[in-house]
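Engineer: sharing a model prediction with you, sequence too.
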Amino acid sequence: MSIFIDKAAQISIQQPLSNEWFTNPMQPTERLCKFSLPNFKQYLSPATSRRMGTALKCALSSALSCVPEEKRSNLDGILTGTGLGSIENTENFLLAMLQGEEGLSPSNFMQSTHNTIGSQIAIAFKCHGYNITYAHRGTSFDSALLNAIIKFKLKEFSSALVNGVDEMTEKYFQLFDQIGYWKDRSVTTDDIRNASSNGSFAGENSVSLLLTDQKSDDTLCEICDTELFYCPTDQRLKEYIQKLCKENDIHQIDAIVIGNNGDDENDKEYKRLCGFIEPSATPIIYKHLFGESFTMSGIGVYVGATCLKEGYVPAHLTMNNCQLNQLKSVLVLNHFKKLDYSITLLKSC
Amino acid sequence: MTEKIVITGYGIISSLGSGVEKTREALLKEEKSIGRVAHLCTKHTEIPCGEVKESDEELKHQLGIGNDVVITRTPLLALIALKEALETSKLTDQISTAFINGTTVGGMEKSEKYYNDFFEGKHTEYIAAHDCGAGTELVSHLFGRFDFMTTISTACSSAANSVILGADLIKTGRVDAAIVGGTESLSKFHLNGFNSLMILEHQPCRPFEKSNQGLNLGEGAGYIVIERESVAKARGAHILCELSGYANTCDAFHQTATSETSEGEYKAMTQALHKAHLETTDIDYINAHGTGTADNDLHESIALKRVFGEHIPPFSSTKSFTGHTTSAAGAVESVISILALQHGFIPANLGFSEPIEATGLIPVKKTIQKELNHVMTNSFGFGGNDSSCIFSKYQPS
Amino acid sequence: MDSLIQELKEEIIQSLNLEDMKPEDIDANAPLFGEGLGLDSIDALELIVLMERNYGIKLNNANEGKEIFKSIQVMADYISKNRTK
């Protein structure tokens, strides 16, 4: 049984619901890169969206844009990763509550729970299938993807939607700034290629991937497997990758998507990982275009899948700034503070 | 046929106290533990809750954690229950193990206290302790290493969904055992949130009662150790029962209301039965979601009638004992279901007097002794995230 | 009474985020829930918040709202009789 990424959609600082970033990317210049908003009215009626916060509207728009109407209610699952959920609503409720515990708006509270995003997608899709939300820091998206793959392998799924959604408010940005998450200046592509200081820059993302067990003309690539690790030894990672490549008849990994974000400590770990996994593979970078968030790894998978679909990696996405042609296999690496790790293997089809 | 998944350990803390023994005694004696809060700082002290008796300091003391350790209440509760789950299972480091935690409140209980201070550079150590995953990692740091770890947040069905993921991880051979469940502390944030939805009861809740006004919030944690049967047998583990069926579905109707036909709940229960290869008549007891709100209790009753027809098994909501422990509920109630199965009793649905007119269902009013073979437990969350699990007496393969 | 009705229409549009509506689009006698404006149970709770904040009327039970929120006209009648601010 094979699993394919049949369609994908993203909303971020880049041109929304578009692949423009692949050929003609926008270079972020802010420390906090907010969503470039699509025309919501194209996807959501004013009556539907009137109570919704930005993250929720973006999630619904990317999900609706990703899954054709006739496939929505028949999906076997909707799986969502979100590190912080709808924090705009959470903050609104929290701030009002700190003013006094009276007369609080239920709409903000209702949207503050992380599963609002996944369940609102289910409502929009009229989909009664498996529905789950992961909120596990930097591997929230990866957990959702892994869960979907498990269900395919158990033959319980033949199609599923996997989402990775996080927004970043001004206030939350300030809080993370207090604990050194961000640089005191904007991050450049050079920082991503050669980090030498601490901190990254913030992005917002809603990425939706449609997984199916059937290949179509639109299919981006095949997804072989995802695995999560907590504080793994190098040996364990090596063994897993060897086994994975063997099972999927891959003799050489062409490229490795890495989560370099300009933070020295973070980026060094990717260098170390690439060094023992497959030193000859070309590292693909993406966070210089999208920023950092708890679920940005979803964009990493999407970037890898898009490169496989196009058959090459444009120079602006590689570590060495050289285009890579003849792309057949891509490994997507993700780690969160050297605690949680995920590995995803994609191959062309 | 795929290999069985067995339960080899369990741990619990709630307003009834810590530990499975204490919980069993309290259920048998019909102890009442819902009342005025002592630790939660809120203006709404008129609203009763099922609060855990110990303060953060007392919990830290019990766990041997220094007072200076940065930890919020949600992971503290988790540690108490997790410790018991691991001790009862006698699980060793040699077995590849996942830790799957359900929570929604996360570190909010500290964030709401220090929020304004954060911006002045005070208590900033709690900023990174806010998100749901932070608590799971804190538990892990203090406890030792797991091979796999994640956090599920589907509001009131979070813990039930972690049981489901754990089982699927074992079935696909990714791990041999999993510690699954959830934890939630009370917070001013969600107390006020539920209050803004006007679904909080101002007296001890009475699930499935005719004139229902609402629920009581509770806090606590529960974990069960689930394991591949062959692994449990090979290490000579004491098998408490087996996880025979489970399902996760979505009502896909409204964020806080249930569809007229209770589609999601109906599907969760029927699919769980199907997975367990059981008939409706095999179920001996249902630990209902039974929050005490008019919407939940009416719709759960409608779903029960759709699934079980005229022969609805004995059912009760133990939220009348513990309050609604939200993200932990699926685990707290799984532990209670396992205790019921193991010791042959059905816990009471406290406070019930008159049935809901439209459905007329009557829960078990007094705790009774009864031999049980199969127990179903329901967890239905905001957004229609509905899950059901079935625990059965262990029958060796 | 007319000015209270106008005021209520504006407040409802704002507090329920009925972005595309203008006060003149709302018929004071049309039902707010179901077929009329198509509001739901959460909107009812938002209206309870609005009544307390703007008019000092406190409802303790969401069910009491059902009668009061039948239409803007009914709501205005209730407010003018029971307001404390």
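Structural biologist: That came through fine.
Engineer: where does the closest residue to chain B within the stretch 1-150 of chain A fall, helix, sheet strand or coil?
Structural biologist: Ranked by Cβ to the nearest Cβ, the top residue of the stretch 1-150 of chain A for proximity to chain B is A:Ser119, at 2.6 Å. C-betas here are computed from N, CA, C, even on glycine. Following DSSP: H, G, I helix; E, B strand; the rest coil, we place A:Ser119 in the helix state.
Engineer: tell me the phi and psi of the residue of the stretch 251-397 of chain B at minimum distance from chain A?
Structural biologist: Among the residues of the stretch 251-397 of chain B, B:Gly383 lies closest to chain A, at 2.6 Å counting by Cβ to the nearest Cβ. The phi/psi pair for B:Gly383 (degrees, to the nearest 10) reads phi 80, psi 10.
Engineer: where along chain C do the helices fall?
Structural biologist: Along chain C, counting by DSSP state H, helices occupy C:2-15, C:41-55, C:62-68, C:72-82.
Engineer: same deal with chain B?
Structural biologist: B:20-28, B:56-63, B:73-89, B:108-119, B:132-143, B:158-171, B:188-196, B:229-234, B:263-275, B:294-308, B:319-322, B:329-343.
Engineer: for the longest one, which helices and strands make contact with it?
Structural biologist: Same thing as helix B:73-89. Judged by 3 or more Cβ pairs under 8 Å, 6 or more residues apart in numbering or on different chains; DSSP states H and E, helix B:73-89 is in contact with strand B:5-14, strand B:17-18, helix B:56-63, helix B:108-119, helix B:132-143, strand B:177-184, strand B:220-228.
Engineer: winner for burial among those?
Structural biologist: The highest average neighbour count among those, using mean count of other Cβ atoms under 10 Å in any protein chain shown, belongs to strand B:177-184 at a mean of 33.
Engineer: can I get the CA coordinates of it in PDB?
Structural biologist: The C-alpha atoms that make up strand B:177-184 are tabulated as PDB, following Å, rounded to 0.1, in the frame of the first residue of the first chain:
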ATOM      1  CA  ALA B 177       3.700  -0.300  25.200                       C
ATOM      2  CA  ALA B 178       2.200   3.100  25.800                       C
ATOM      3  CA  ILE B 179       1.300   5.200  28.800                       C
ATOM      4  CA  VAL B 180      -1.800   6.900  27.700                       C
ATOM      5  CA  GLY B 181      -4.200   9.300  29.400                       C
ATOM      6  CA  GLY B 182      -4.500  13.000  30.300                       C
ATOM      7  CA  THR B 183      -4.300  15.600  32.900                       C
ATOM      8  CA  GLU B 184      -6.000  18.900  33.600                       C
END
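Engineer: can you list the strands that it pairs with?
Structural biologist: Within its sheet, strand B:177-184 is paired with strand B:97-102 (parallel), strand B:220-228 (antiparallel), according to DSSP bridges.
Engineer: distance of the residue in chain C positioned nearest to chain A from B:Thr281?
Structural biologist: Nearest residue of chain C to chain A: C:Asn17, at 4.0 Å (Cβ to the nearest Cβ). Distance, C:Asn17 to B:Thr281, using Cβ to Cβ, to the nearest Å: 50 Å.
Engineer: swap in B:Asn195?
Structural biologist: In terms of Cβ to Cβ, B:Asn195 sits 41 Å off from B:Thr281.
Engineer: how many residues are close by the residue of chain C found nearest chain B?
Structural biologist: Closest to chain B within chain C is C:Ala62: 4.4 Å, counting by Cβ to the nearest Cβ. By other Cβ atoms under 10 Å in any protein chain shown, 17 other residues sit near C:Ala62.
Engineer: surely it meets C:Ile48?
Structural biologist: Yes. C:Ala62 lies in contact with C:Ile48 (Cβ atoms under 8 Å); the separation is 7.0 Å.
Engineer: what does chain C have sitting close to chain A?
Structural biologist: Residues of chain C lying close to chain A by Cβ under 8 Å from any Cβ of the partner chain are C:16-20, C:38, C:42, C:45-46, C:49, C:52-53.
Engineer: just the buried residues from these, in PyMOL please.
Structural biologist: Command for PyMOL that selects the buried part of these, burial taken from 16 or more other Cβ atoms under 10 Å in any protein chain shown:
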select buried, chain C and resi 16+17+18+42+45+46+49+52
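Engineer: quick check: pLDDT value at whatever residue of chain B ends up closest to chain C.
Structural biologist: Relative to chain C, the nearest point of chain B is B:Met198 (4.4 Å; Cβ to the nearest Cβ). B:Met198 carries a pLDDT value of 95.
Engineer: please apply the same query to A:Thr23.
Structural biologist: 97.
Engineer: show me the contacts for the closest residue to it other than its chain neighbours.
Structural biologist: The shortest distance from A:Thr23 to any non-neighbouring residue, by Cβ to Cβ, 6 or more residues apart in numbering or on different chains, is to A:Pro314 (6.9 Å). Contacts for A:Pro314 were tallied using Cβ atoms under 8 Å, 6 or more residues apart in numbering or on different chains; they are A:22-23, A:323.
Engineer: same question for B:Lys4.
Structural biologist: Shown in contact with B:Lys4 (Cβ under 8 Å, 6+ apart): B:228-229, B:242, B:397.
Engineer: gap between it and B:Val375?
Structural biologist: In terms of Cβ to Cβ, B:Lys4 sits 16 Å off from B:Val375.
Engineer: and B:Ile368, by the same measure?
Structural biologist: 14 Å.
Engineer: which of these two has more residues huddled nearby?
Structural biologist: B:Val375 (27 against 14).
Engineer: and the more buried one, what are its bridge partners?
Structural biologist: Beta-bridge partners, per DSSP bridges, of B:Val375: B:Tyr285, B:Phe391.
Engineer: contacting residues for it?
Structural biologist: By Cβ under 8 Å, 6+ apart, the neighbours of B:Val375 are B:283-287, B:337-338, B:340-341, B:390-392.
Engineer: thanks a lot, catch you later.
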